[in-house]
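1. A structural model of the following input is requested.
(one chain, ligands or ions: 2)
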Amino acid sequence: MILDGHAPAAIDEAARRLAAGELVAFPTETVYGLGADADSGRAVAGIFTAKGRPSDHPLIVHVTGPDAAGHYAHDIPPVAQRLMQAFWPGPLTVILPRRAGRAEAAAGGQGSIGLRCPSHPVAQALLRACGNLQPPLTGLAAPSANRFGRVSPTTALHVQHEFGETLCILDGGACEVGIESAIVDCTRGVPVLLRPGVLTHARIEAACGERLWRPEEVTEPAPRASGTLESHYAPQARVRLMDAAALQDALDVLGAQASGIAVWSRAPLRSAAPGVLRQAMPQHADDAARELFAVLRAFDDAGVRLIWIEQPPDTSEWAGVLDRLRRAAA
Ligand code: TXA
Ligand code: MG
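-> Ligands and ions are numbered 1, 2, ... in the order given. This next block holds a predicted model:
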């Protein structure tokens with residue numbers, strides 16, 4: 001059932017359900033999350049079951065701000081403090097050393113915990129309402145509200161499409177950012193950007209006040225994590241990334257047989273068969289991020305066989321979008 005997330009009564013009902021150990025999906029500025037009380041192993045187990053996600057993949061825990069981070073994390077390094085200061089509330093997750101006994105199931109048994117403070121007003125209202133319950137819920141574990149390996153949801157209807165009518169979903173409109181938060185691991189002595197988002201490497205590095213590393217530059221193995229699997233965010237149709245010229249050539253070769261193909265490209269097509277479904281990719285990376293998952297879902301809904309996407313530039317602005325597209329195509 002979909003509730004209006006801007007209605008106070010809906011927020012209260014969602015908080016009550018979460019306290020009772022139920023799952024509630026809620027909007028964040030990045031994507032919709034499938035939430036549960038982060039301190040309840042039983043509630044968190046429900047997330048893994050609903051998603052079909054391996055239970056050793058850690059989930060992100062959503063909190064009201066840096067003050068609540070201390071409930072889950074200890075020895076928070078100065079670089080993490082600076083990141084929270086700079087980007088919270090907003091689309092950045094920090095990985096911190098986890099307090100023993102806290103959010104064990106949400107952390108997938110890791111000694112670390114991923115924390116994020118979302119800026120979406122409905123997410124904020126929900127977290128506040130949870131914090132005001134007796135006893136309070138401090139954090140909500142929430143992965144993207146899609147089945148394992150599938151395209152992340154950016155509207156309430158996308159979530160309902162994934163999990164059906166019985167799940168309680170707070171509707172907060174279409175997500176502004178559109179791709180998941182950037183994740184910075186602050187447990188390795190140096191900050192490591194595990195997952196790119198819309199915040200650029202340079203912006204995050206500036207806030208760190210020290211060099212921001214890429215995962216391949218540090219030697220210790222990262223924990224298993226769904227967002228870092230090679231193949232993820234996959235629609236039903238096969239996805240291919242091509243540069244604009246190759247894409248046009250391929251369409252020319254197929255000619256009238258190019259039906260059942262969807263194209264998402266920045267360059268306009270010189271020619272395309274009538275059966276080709278084309279959507280224009282926005283010129284700016286932030287706009288493309290906002291549309292990305294909805295476009296993939298719309299192509300699937302249209303029943304296409306193939307999705308051909310113009311490879312965006314390999315620049316820092318496009319890193320988050322390019323990362324999701326590569327995994328969708330893997
Ligand atoms: O934008 C987002 O971050 C969305 C919205 C709902 O907030 N959430 C999200 O959560 O993407 P999820 O659970 O799908 O992403 C979890 C990812 C893991 O795949 C892993 O990459 C990383 O977060 N992660 C979480 N906890 C971690 C930990 N303790 N150590 C390393 N990575 C962790
Ligand atoms: Mg996900």
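2. CA atoms for contacts and neighbours, from now on please.
-> Fine.
3. which stretches of the protein have low pLDDT?
-> Along the chain, the parts satisfying pLDDT under 70 run over 220-232, 272.
4. what about the strands in it?
-> Using DSSP state E, the strands of the chain run over 2-4, 24-26, 33-37, 60-62, 92-97, 112-116, 140-141, 168-171, 182-185, 192-195, 238-242, 261-265, 277-280, 306-310.
5. kindly reformat these as a markdown table containing mean neighbour count.
-> Output for the strands of the chain, formatted as a markdown table (neighbours: other Cα atoms under 10 Å):
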| stretch | mean neighbour count |
| --- | --- |
| strand 2-4 | 17 |
| strand 24-26 | 26 |
| strand 33-37 | 29 |
| strand 60-62 | 27 |
| strand 92-97 | 25 |
| strand 112-116 | 27 |
| strand 140-141 | 30 |
| strand 168-171 | 26 |
| strand 182-185 | 24 |
| strand 192-195 | 22 |
| strand 238-242 | 19 |
| strand 261-265 | 23 |
| strand 277-280 | 16 |
| strand 306-310 | 22 |
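6. hmm, what's the outermost residue in this structure?
-> In terms of distance from the mean C-alpha position of the chain, Ala256 ranks first, at 37.6 Å (Cα atoms, centre = their mean).
7. which residues touch it?
-> Ala256 makes contacts with 273-275, as judged by Cα atoms under 8 Å, 6 or more residues apart in numbering.
8. and this protein, what are its domains?
-> Per automatic domain parsing, the structural domains of the chain span 2-217, 238-329.
9. I'd like the distance between Arg188 and ligand 1.
-> Arg188 sits 11 Å away from ligand 1, going by Cα to the nearest ligand atom, to the nearest Å.
10. hang on, I meant Leu133
-> In terms of Cα to the nearest ligand atom, Leu133 sits 22 Å off from ligand 1.
11. neighbours around that residue, how many?
-> A count of neighbours around Leu133, defined by other Cα atoms under 10 Å, yields 14.
12. how about Asp67?
-> Using other Cα under 10 Å, Asp67 has 8 neighbouring residues.
13. go on, Ala246?
-> Ala246: 12 surrounding residues under other Cα under 10 Å.
14. repeat for Arg297
-> For Arg297, the neighbour count with other Cα under 10 Å is 20.
15. now do the contacts for the closest residue to Pro27 other than its chain neighbours.
-> Nearest residue to Pro27, sequence neighbours excluded (Cα to Cα, 6 or more residues apart in numbering): Gly172, at 5.5 Å. By Cα under 8 Å, 6+ apart, the contact list for Gly172 reads 4-6, 26-27, 122, 155-156.
16. on that earlier part again, could you measure from the residue farthest from the centre of the chain over to ligand 1?
-> When Ala256 is compared with ligand 1 (using Cα to the nearest ligand atom), they lie 40 Å apart.
17. are any of the contacts of Gly172 buried, and which?
-> For the contacts of Gly172, a burial check counting by 16 or more other Cα atoms under 10 Å picks out 4-5, 26-27, 122, 155-156.
18. going by distance to Ala106, which of those residues wins?
-> Distances from Ala106 to those, taken as Cα to Cα, are shortest for Phe26 (17.2 Å).
19. now the helices for the stretch 101-250 of the chain?
-> Ranges of helices within the stretch 101-250 of the chain are 121-131, 156-163, 201-208, 244-254, based on DSSP state H, counting those that start in this stretch.
20. what helices and strands are in contact with the third one?
-> It refers to helix 201-208. On a contact count with 3 or more Cα pairs under 8 Å, 6 or more residues apart in numbering; DSSP states H and E, helix 201-208 meets helix 78-87.
21. hmm, who's touching the helix it packs on?
-> Helix 78-87 is contacted by residues 66, 94, 96, 186, 191, 204, 207-209 when judged by Cα under 8 Å, 6+ apart.
22. again, 6 Å this time
-> Outside helix 78-87, the residues that touch it by Cα atoms under 6 Å, 6 or more residues apart in numbering are 207-208.
23. list phi and psi for the closest residue to Ala202 other than its chain neighbours.
-> Distances taken as Cα to Cα, 6+ apart put Ser316 closest to Ala202, at 7.8 Å, once the chain neighbours are dropped. Per-residue torsions, Ser316: phi -60, psi -40 (degrees, to the nearest 10).
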